[in-house]
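In: Model the following, please.
(2 chains)
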Amino acid sequence: MDLLNALVALANFVIVPAVAYGSQLALGALGVTLIYGILRFSNFAHGDTMAFGAMIAVLVTWGFQAAGVTFGPLPTALLALPFAILGCIALVLITDRLVYRFYRDQKAKPVILVIVSMGVMFILNGLVRFIIGPDDQRFSDGARFLISARDFKALTGLREGLAIKTSQGITVIVAVVAVALLFWFLNKTRTGKSMRAYSDNEDLALLSGINPERVVMITWIIVAALATTAGVLYGLDKSFKPFVYFQLLLPIFASAIVGGLGNPIGAIAGGFIIAFSEVTITYAWKKVLVYLLPDSLEPSGLVQLLSTDYKFAVSFVILLIVLLFKPTGLFKGKAV
Amino acid sequence: MSETVKNTLLFALVGGLILLTGFMQSWNTAILIVNMGLISAIMAIGVNLQWGFAGLFNVGVMGFVALGGLAVVLVSTPPTPGAWTAGGYGILLALLLGAATVVAAVMAARKLPKGRTQTLAIIAILVVGFFVYRAVFDPSVAAVEAIDPAVAGNIGGLNLPVLLAWPAGGLLAAGAAWLIGKTALGLRSDYLAIATLGIAEIIIAIMKNEDWLARGVKNVYGIPRPTPFVGYEIDLQSDPSFVERAASLGLDPVTASTLWVKTGYAFLFLVVLLVLLWMAQMALKSPWGRMMRAIRDNEVAAEAMGKDVTRRHLQIFVLGSAICGIAGAMMTTLDGQLTPSAYQPLRFTFLVWVMVIVGGSGNNFGSVLGAFLIWFLWVQVEPIGLWLMDLITAGMPDGSALKTHLVESAAHMRLFTMGLILLIVLRFSPRGLIPEK
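Out: Residues are numbered from 1 along each chain as shown, chains lettered A, B, ... in the order given. Got it, this is the predicted structure:
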């Protein structure tokens, strides 16, 4: 019984949140890694692209809610997601046309593109704050829990409850669908194959008649869709605040680099590695240990390795370790 | 138009803008712009050293600036009575133990033969070391933070003159830069960017949460001023000869005293800026500067000529970061308080980058010019934006939701404008206002 209680406590406080957070990071890291693979630069504006997409979803959701449209027990934001993706696609395509294409034609060094993306980051950040303001916005509705802690206790008779938020369930399902679609696209379709060819060897791809502008355009469209999805899921799970998306940049980049920049599978693995380390290291283990250890050994403190304020430090340390020992990432990325 | 004339005109233009602020708004605002402009110019010189000379992409400026601020507290504030005996030495011991753990782990990684034993040994060292460190650290911290938490709760400083804190800030920043450079330099440029972005966030997190160090988000107030160069307004106002002189200039004593104090700071900052600018110019012209630029332009060729690229990169990275640390210490001195939550990456990292690129990367005078110009815009975009919004919304009925929203949003015009300026300069004049020679 104690073992079961410990397992449930572990699932409730560590596994479920980490899986949801990991899915969000993975979706974000996929966007970063695709840009890196095809356009060959680290996109600092990615966090703010997520914020922009999520912002449109918030606005559309409010519109739906005002019009009385709801999605039953599911959050209305899911209905708004397609619109948000379209809006975000429009945004990134316009940015590419106005900003990035010039440097691509010039064959500018990657670091110049990084600085350019910094400028785009400023503009998007200003735009989002201008439209929706810098404050927290709540837009989740529908049922709050798939299963609440109290129901779980009543159901199983255990002392520990397992709560799964609707947003967490949706996050995982949507992420799985999105990743499946992405991999099907990259591996099975002609366009996807041309994208991978372009990423592997640009010159060879050009020689075989692949249109680079088309590849770049499709990449941006996919990235916008992924970024918006990640942004909306994160917003549903926590809350929407523009600055938080900027701060997500660090764990997202860490995920992409740990997995190997330019490698989609690596990005997903990296997302979960970062999420699980962040949650396990900042979790107060007392609740689990109480069940596992005999009374005499019961811990007096919280047994928290690091305070939650240092969660960025966790992704950073993992990033450093990987950079030191395996600079190309766990799954062979292209960067050295 | 010769280059010198053009550059002089550019500087005169920015000077004119600041003078205009003085006449149209207030002289206090104008001098504040000058003061922050001087500090920004020093930060820009630091970043220019890294980016303009060596092509290193450092987006952790905020962290180094914050470390400079921390140095001010640790050097110039009086020590909290009893804090050292209560737990200060314990904390020091814990930090030493932590460092020893890391060193031992590194030794194990180097000395032991590769294999499972080595991995297990490293993990064992780290785990044991961590718990020993926490066992010493936690009670000491609790003891220090329990001392008079409303006004202290930290270990305080060394009670030394605040001017000494400026080089100390540079040293602190240099130490952090050495650690980060040791790991991330030599890899591709994007990695340094991510690593510096991360270290900056972590430094801020530490300063916010470690209350024993500098009171965390409770802030440290009343940092001493660099007397006798800068006095206190109250003393000046009660000094009859000062009041008399102010009256002869037609100023009331309160305004005159604030202006006088700010001018004192401006003078000090100007001295530091000129010294650093001179040093940066000398470095640029020296063989060392030429070597740096050779490395920047073609690493492979420089390496073939026998230059140790990674070492040189580490050197200039530490130097540039130290300059940012000095600027950070100066800024905290000017503010008279340390507020860790005020450090925002957009304001302290990316804005400095806009300054360097707009001014002209690779040119020290360009960085100084860019710093003054961009800081002026950063301050003035908000009132201009407000004015613009009032103009746009003039036709709308009062109290309409859109009008309120637009007027309230005017404050966020800053970021948008800065991004736009950066992109326009990068596109149409990538070498900046005063290009590299």
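In: residue in the stretch 251-400 of chain B nearest to chain A?
Out: Among the residues of the stretch 251-400 of chain B, B:F350 lies nearest to chain A; the distance is 6.0 Å by C-beta to the nearest C-beta. Yep, even glycine has a C-beta here, placed from its N, CA and C like the rest.
In: dump the residue contacts of the closest residue to that residue other than its chain neighbours.
Out: Excluding the flanking residues, the one nearest B:F350 by C-beta to C-beta, 6 or more residues apart in numbering or on different chains is A:M118, at 6.0 Å. Contact criterion C-beta atoms under 8 Å, 6 or more residues apart in numbering or on different chains gives A:44-45, B:59, B:350, B:353, B:422 as the residues in contact with A:M118.
In: how close does B:A184 sit to B:F57?
Out: Distance check for B:A184 against B:F57: by C-beta to C-beta, to the nearest Å, it reads 10 Å.
In: What are the contacting residues of stretch B:244-254?
Out: By C-beta under 8 Å, 6+ apart, the list of residues contacting stretch B:244-254 reads B:233, B:236-237, B:242-243, B:255-257, B:259.
In: I misspoke; the intended subject was stretch B:423-433.
Out: Residues from elsewhere that reach stretch B:423-433, judged by C-beta under 8 Å, 6+ apart: A:99, A:102, A:112, A:115-116, A:119-120, A:123, B:10, B:357-361, B:363, B:366, B:369-370, B:373.
In: how far does that stretch stretch from start to finish?
Out: Counting by C-alpha to C-alpha, to the nearest Å, the length from the leading to the trailing residue of stretch B:423-433 is 14 Å.
In: any idea how far that stretch is from the chain center?
Out: Centroid separation between stretch B:423-433 and its chain, computed with C-alpha atoms, centre = their mean, to the nearest Å, is 24 Å.
In: So which bits of it are buried?
Out: Buried residues in stretch B:423-433, defined by neighbour count with 16 or more other C-beta atoms under 10 Å in any protein chain shown: B:423, B:425-426, B:430, B:432-433.
In: In helices, which of those appear?
Out: Assignment to helices by DSSP state H places the following of the buried residues of stretch B:423-433 there: B:423, B:425-426.
In: who has more neighbours, B:A184 and B:F57?
Out: More neighbours sit around B:A184 than around the other of B:A184 and B:F57, counting by other C-beta atoms under 10 Å in any protein chain shown; the figures are 27 against 21.
In: and that one, what pLDDT?
Out: You'll see B:A184 listed with a pLDDT of 81.
In: Double-check it against A:V322; I have them as touching.
Out: No: counting by C-beta atoms under 8 Å, B:A184 does not reach A:V322; the two are 11.6 Å apart.
In: got any ranges where the chain has weak pLDDT?
Out: The chain I'm using is chain A. Within chain A, the ranges that satisfy pLDDT under 70 run A:333-336.
In: Hmm, no, I was thinking of chain B.
Out: Under the criterion pLDDT under 70, the flagged ranges of chain B are B:1.
In: Output the longest helix belonging to it.
Out: Residue-count comparison of every helix in chain B, with assignments taken from DSSP H, identifies helix B:253-285 as the longest.
In: What's the first helix or strand after that helix?
Out: helix B:287-297 (DSSP states H and E).
In: Taking helix B:253-285 as reference, get the angle to that following helix.
Out: Here helix B:287-297 points in a direction 80 degrees away from that of helix B:253-285 (axes from the mean of the first three to the mean of the last three C-alpha atoms, to 10 degrees).
In: Give the other helices and strands that helix B:287-297 contacts.
Out: Packing partners of helix B:287-297 (3 or more C-beta pairs under 8 Å, 6 or more residues apart in numbering or on different chains; DSSP states H and E): helix B:299-304, helix B:309-335.
In: I'd like the ones you listed laid out as a markdown table, including distance to chain A and mean neighbour count.
Out: A markdown table is the format used below for these (distance: least, C-beta to the nearest C-beta, whole Å; neighbours: other C-beta atoms under 10 Å in any protein chain shown):
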| stretch | distance to chain A | mean neighbour count |
| --- | --- | --- |
| helix B:299-304 | 12 | 13 |
| helix B:309-335 | 13 | 25 |
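In: mind checking which of the ones you listed is nearest A:V14?
Out: Closest of the helices and strands packed on helix B:287-297 to A:V14 is helix B:309-335, at 37.2 Å (criterion: C-beta to C-beta).
In: Am I right that the residue nearest to B:F350 is in a helix?
Out: Yes: read with DSSP: H, G, I helix; E, B strand; the rest coil, A:M118 is one of the residues of a helix.
In: how close does it get to A:P251?
Out: For A:M118, the distance to A:P251 under the criterion C-beta to C-beta works out to 19 Å.
In: Provide a complete list of residue ranges assigned to strands in the stretch 51-200 of chain B.
Out: Remark: strands of the stretch 51-200 of chain B are absent; assignment by DSSP state E, counting those that start in this stretch.
In: cool, and the stretch 1-150 of chain A?
Out: In chain order, the stretch 1-150 of chain A shows strands spanning A:145-147, with DSSP E, counting those that start in this stretch as the criterion.
In: So which bits of it are right by chain B?
Out: Counting by C-beta under 8 Å from any C-beta of the partner chain, the positions of the stretch 1-150 of chain A adjacent to chain B are A:41-42, A:44, A:99, A:102, A:110-112, A:114-116, A:118-127, A:129-131, A:133-134.
In: Just the buried residues of those residues.
Out: By the neighbour-count criterion of 16+ other C-beta under 10 Å, the residues of the stretch 1-150 of chain A next to chain B include these buried positions: A:41-42, A:44, A:99, A:110-111, A:114-116, A:118-127, A:129-131, A:133.
In: Just list the residues touching A:S194, thanks.
Out: By C-beta under 8 Å, 6+ apart, A:S194 lies in contact with A:205, A:210, A:215.
In: Could you dump those residues into CSV and include secondary structure and distance to B:K6?
Out: Listed next are those as CSV, based on DSSP: H, G, I helix; E, B strand; the rest coil; distance: C-beta to C-beta, whole Å:
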residue, secondary structure, distance to B:K6
A:A205, helix, 46
A:I210, coil, 47
A:V215, helix, 43
